[in-house]
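[1] Pasting the sequence and the predicted coordinates here, then a few questions.
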Protein chains: 2
Amino acid sequence: MKHDLEYCTVEPALEVLTGKWKISILYFLFQGTKRFSELQNSIPNITKKMLTSQLRELEEQDIVRRVVYPVVPPKVEYSLSEYGYSVEPILRAMHLWGMTHIKHIQLKREIQKVQT
Amino acid sequence: MKHDLEYCTVEPALEVLTGKWKISILYFLFQGTKRFSELQNSIPNITKKMLTSQLRELEEQDIVRRVVYPVVPPKVEYSLSEYGYSVEPILRAMHLWGMTHIKHIQLKREIQKVQT
DNA sequence: CAGTATCCCCGCTGATACTG
DNA sequence: CAGTATCAGCGGGGATACTG
């Protein structure tokens, strides 16, 4: 671990990933191109408003690509941009730690049980 | 990139890292043990209340260790727990991406300038 | 179908004052 | 020094209704 100002540069990543629905959206987009309604159906409880705003932010950051088909009824497809795929290592690292963290929590609970 | 339910497990990591001051606190604790006042002085604009609550959360998650010295005036030292060091790969991945993201943004701005 | 437009609430955060 | 206690503000997010 370096001790210089390195870790000041984690904010952009945090900004891209935080937001109540970003991770879920990214998760489904990593599976491939999705329509607006597909995303809405895949993610329980999300409102159109939230889905729209989160997608717009991801689009703004060049993570997500938005393609509008000029047909009636409207059809809009969302997919990860090439740049969007570059966040994968972060998600991987978070996933890995998440798994061990779950084990950590379980172990902790068992220890607490034994102690009581 | 695997296409199964893997990425559902990133939430714990996000939970540990989000919060307005967590990253800053972690950043300084990666440098070594710090007293409460040292952290407060290192992080501009943070209030005691916020510093306390964020540290309490990190402590709750076993990331941060809190040692109270029973002296007058009080002395409390904070440091990363051994488990706390396990978040380093995440911070590294985020840092790495953050650096390229900054370049990405600069490149984008230059392209926009040329186009106008 | 894929969004906007409004209204509203609650919880995070800040400011300030107090304390062992 | 290292915190609590209390009050107040603001904005992210939810519910609902409307639209091209």
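    That came through, no problem. Numbers count the residues shown, from 1 in each chain, chains lettered A, B, ... in the order given.
[2] mind listing the strands for chain A?
    A:34-35, A:64-69, A:75-80 (DSSP state E).
[3] What's the separation between A:Val68 and A:Thr52?
    Between A:Val68 and A:Thr52 the distance is 13 Å, computed by C-beta to C-beta, to the nearest Å. To be clear about C-beta, it is placed using only N, CA and C from the backbone, and glycine gets the same treatment.
[4] Just want to know which of the two has more residues nearby.
    Between A:Val68 and A:Thr52, A:Thr52 has the larger neighbour count (other C-beta atoms under 10 Å in any protein chain shown), namely 13 against 9.
[5] From DNA strand D, how far out is that one?
    Noted for A:Thr52: a distance of 10 Å to DNA strand D, by C-beta to the nearest atom of the strand, to the nearest Å.
[6] Give the closest residue to A:Thr100 in space, chain neighbours not counted.
    If the residues on either side of it in the chain are set aside, A:Thr100 comes closest to B:Ser86, at 6.8 Å by C-beta to C-beta, 6 or more residues apart in numbering or on different chains.
[7] Give me the helices and strands touching the lowest-mean-pLDDT helix or strand in chain A, please.
    One helix or strand of chain A scores below all others by mean pLDDT, DSSP states H and E: helix A:11-17, with a mean of 92. If you count contacts as 3 or more C-beta pairs under 8 Å, 6 or more residues apart in numbering or on different chains; DSSP states H and E, helix A:11-17 packs onto helix A:22-29, helix B:88-115.
[8] Next one: the shortest one, is it in contact with DNA strand D?
    No: Helix A:22-29 does not reach DNA strand D (C-beta under 7 Å from any atom of the strand); its nearest approach is 8.9 Å.
[9] residue contacts, the residue most central in space within chain A?
    In chain A, the centroid-proximal residue (C-alpha atoms, centre = their mean) is A:Ile23; its distance is 1.9 Å. By C-beta atoms under 8 Å, 6 or more residues apart in numbering or on different chains, the contact list for A:Ile23 reads A:17, B:7, B:10-11, B:14.
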